[in-house]
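Undergrad: No sequence on hand, only this structure:
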């Protein structure tokens, strides 16, 4: 989750809210790729999650990265809660999950190099203190009480609020991980088309990357339990945002949606002020109960936008949010999948032609079935395996048309980053299927074996 935003002046008129989003528009030559991925840390001998403090802890990992690799610390209340370096940052999820928010990069080759270097650095520090990390969509064995809340004011407020608005918020905070990609748009119209494709086809990503079939030490009946968690979290700020498909959708429509989402907090001078359930509309009027008489800045608006959690969301870029965390190959495959679909106009048009006929009921059913059945999902007349095959072909064509070379020109484009997804479409098997087969086969129900076999 995001660190506090900065750099925005006072909001003096309503048009600034939409203009903040529109300021993200960039010419195609300036489009970049920002990849984020989360992972669970655990003690190598006990297989228990690492706490915030101690010899084997989140804090020790952050301090090790700071001291050995020259990352700059991000502090809150005297605690190190993140790192910054060269446009990237390392941050903490509520249950201690470690997240890399990568720098904006031009190619998937560069993204993959960044992921490799990050995991190398983390492994070097982790080896010293006896810690490992694993990429899964949900913690397979640990329970809520096993995972202490990280010392961030934002999380303390959210933790208390989550139980009032849904049943799965605390599970999401502590026991799930994702891989995401942030992508640019050229104009309002380009944003609209990309958002419609993103929402309609997000279930395909959920199915292809499904990697959370266990919870509380046993199978949970879903290929992506992480996706299931998001369906019972907070209806005000999650879901498939059907208004994206309405005529006239654009930046202002997103502003109106965001203004209707209750606030979490206002960040001032290092302190998170409790604004839970309060209205940003009231904040604009200067009558916010949390800070009476005070009006928001653009930084406050940027902070508020980070508290919206639909399947894809608009900030100054579009964030794809439907995939489970996973093994190394899929950390590079996720950005490749979406870049192929959206960074070439021919591919984007083909993707929209493929999904423009989905109605809201189909989109919602596809989301549910992807969570439960992965590539075996069926929603109405659509079979997920067939849809995934078509979408993957479009993505591959888009990457080929981009023709971004790597390895000093020896690799002509970025299409090979889709290999893991091609394997899934050819076999019908996603990571969750492999895990379930091992659980019922060679592991003989001993889920603890997942840590040794699947850690980074």
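TA: Thanks, I have the structure now. None of these values were measured; they are calculated from a predicted model.
Undergrad: Surely residue 346 is within a strand?
TA: No: judged by DSSP: H, G, I helix; E, B strand; the rest coil, residue 346 forms no part of a strand; its state is helix.
Undergrad: can I assume it is in contact with residue 398?
TA: Yes: between residue 346 and residue 398 there is a contact under C-beta atoms under 8 Å: 7.2 Å. For every residue, glycine as well, the C-beta is placed using N, CA and C.
Undergrad: Compare those two (neighbour count), which wins?
TA: residue 398 (26 against 11; other C-beta atoms under 10 Å).
Undergrad: Read off the pLDDT value for that one.
TA: Predicted confidence (pLDDT) for residue 398: 98.
Undergrad: go on, residue 300?
TA: 97.
Undergrad: likewise residue 9?
TA: 89.
Undergrad: What of residue 83?
TA: pLDDT, residue 83: 98.
Undergrad: swap in the one 4 residues further on?
TA: Residue-level confidence at residue 87 comes out at 97, pLDDT.
Undergrad: count of neighbours near it?
TA: 13.
Undergrad: State whether it and residue 103 are indeed in contact, as I suppose.
TA: Yes: applying C-beta under 8 Å as the test, residue 87 and residue 103 come out as touching, 3.4 Å apart.
Undergrad: Okay, and residue 162 sits in which element?
TA: helix 153-165 (DSSP states H and E).
Undergrad: ok, and what's touching that helix?
TA: 1, 76-77, 94, 149, 169-170, 172-173, 233-236, 264-265, 267, 271-272, 274, 276-277 (C-beta atoms under 8 Å, 6 or more residues apart in numbering).
Undergrad: at 6 Å what do you get?
TA: 94, 149, 169-170, 234, 264-265, 272, 274, 276 (C-beta atoms under 6 Å, 6 or more residues apart in numbering).
Undergrad: and the residue lying closest to residue 396 once chain neighbours are set aside, what pLDDT?
TA: Nearest residue to residue 396 in three dimensions, chain neighbours excluded: residue 415, at 5.2 Å (C-beta to C-beta, 6 or more residues apart in numbering). Note on residue 415: pLDDT of 98.
Undergrad: how close does residue 415 sit to residue 325?
TA: As judged by C-beta to C-beta, to the nearest Å, residue 415 and residue 325 stand 23 Å apart.
Undergrad: Name the helix or strand for residue 38, please.
TA: strand 33-43.
Undergrad: swap that for residue 181, please
TA: Going by DSSP H and E, residue 181 is in strand 178-183.
Undergrad: in that strand, what counts as buried?
TA: If you call a residue buried by 16 or more other C-beta atoms under 10 Å, then strand 178-183 has these buried ones: 178-183.
Undergrad: go on, stretch 346-354?
TA: In stretch 346-354, counting by 16+ other C-beta under 10 Å, buried: 347-348, 350-352, 354.
Undergrad: Check stretch 38-46 too.
TA: Result for stretch 38-46 [16+ other C-beta under 10 Å]: buried residues 38-43.
Undergrad: mind listing the strands for the stretch 351-456 of the chain?
TA: 378-379, 382-383 (DSSP state E, counting those that start in this stretch).
Undergrad: Please identify the deepest-packed of the ones you listed.
TA: Of all the strands of the stretch 351-456 of the chain, strand 378-379 carries the top mean neighbour count, a mean of 18, counting by mean count of other C-beta atoms under 10 Å.
Undergrad: Return the list of helices and strands in contact with that strand.
TA: helix 360-373 (3 or more C-beta pairs under 6 Å, 6 or more residues apart in numbering; DSSP states H and E).
Undergrad: by contact count, what packs against the helix it packs on?
TA: Using 3+ C-beta pairs under 6 Å, 6+ apart: helix 360-373 touches helix 188-208, strand 378-379.
Undergrad: tell me the pLDDT at the residue of the chain positioned farthest from its centre?
TA: Relative to the centre of the chain, the most outlying C-alpha is that of residue 293, 35.1 Å out, by C-alpha atoms, centre = their mean. Note on residue 293: pLDDT of 96.
Undergrad: any idea how far residue 329 is from residue 113?
TA: 15 Å.
Undergrad: Now the helix holding residue 162: average pLDDT?
TA: 93.
Undergrad: related to what we said a few turns ago, what comes into contact with the strand holding residue 181?
TA: 34-38, 317-321, 323, 325, 331, 334-335, 338, 342.
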